[in-house]
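S.K.: dropping the sequence and predicted coords here.
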Amino acid sequence: MSGGIAHDFNNLLGVIIGYSQVLKRTLPPGTAFLERAEEIEKAGQRATSVDFAANAASLGARIARAACPVSARYAPCSPSAAASRT
């Protein structure tokens with residue numbers, strides 16, 4: 001699951017970085033919008049770093065381990081909720 005999350009995240013970053021580059025080419029130099037587009041691109045590039053991707057994958061793994069079944073009868077499980085149902 002975490003590999004899929006990291007892959008999806010990278011796909012989103014590709015779109016963000018790509019559109020920020022297109023936007024930069026269409027804006028006149030020295031404008032506030034151009035500066036913002038550059039910041040968007042920089043943030044996207046930072047998010048592609050190995051450390052950031054590893055943290056995202058780690059988060060996906062933690063979410064997958066924490067998942068529990070949900071039924072129409074009970075709220076999502078937690079240790080205290082499970083104990084009160086027995």
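M.R.: Arrived safely, thanks for sending.
S.K.: what's the helix or strand for the nearest residue to residue 47 once chain neighbours are set aside?
M.R.: Distance criterion C-beta to C-beta, 6 or more residues apart in numbering; nearest residue to residue 47, sequence neighbours excluded, is residue 13 at 5.5 Å. All C-beta atoms are positioned from the backbone trio N, CA, C, and that covers glycine. Assigned by DSSP states H and E, residue 13 falls within helix 2-26.
S.K.: what's in contact with whichever helix or strand comes after that helix?
M.R.: The helix or strand immediately downstream of helix 2-26 is helix 32-47, counting by DSSP H and E. Identification of contacts with helix 32-47 by C-beta atoms under 8 Å, 6 or more residues apart in numbering yields 9, 13, 16, 17, 20, 21, 23, 24, 27, 28, 52.
S.K.: now the residues you listed in JSON lines, with pLDDT and distance to residue 45?
M.R.: Shown next, in JSON lines, are those (pLDDT from 0 to 100; distance: C-beta to C-beta, whole Å):
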{"residue": "9", "pLDDT": "82", "distance to residue 45": "14"}
{"residue": "13", "pLDDT": "90", "distance to residue 45": "9"}
{"residue": "16", "pLDDT": "93", "distance to residue 45": "10"}
{"residue": "17", "pLDDT": "94", "distance to residue 45": "7"}
{"residue": "20", "pLDDT": "95", "distance to residue 45": "10"}
{"residue": "21", "pLDDT": "95", "distance to residue 45": "11"}
{"residue": "23", "pLDDT": "94", "distance to residue 45": "15"}
{"residue": "24", "pLDDT": "95", "distance to residue 45": "13"}
{"residue": "27", "pLDDT": "94", "distance to residue 45": "18"}
{"residue": "28", "pLDDT": "93", "distance to residue 45": "23"}
{"residue": "52", "pLDDT": "69", "distance to residue 45": "10"}
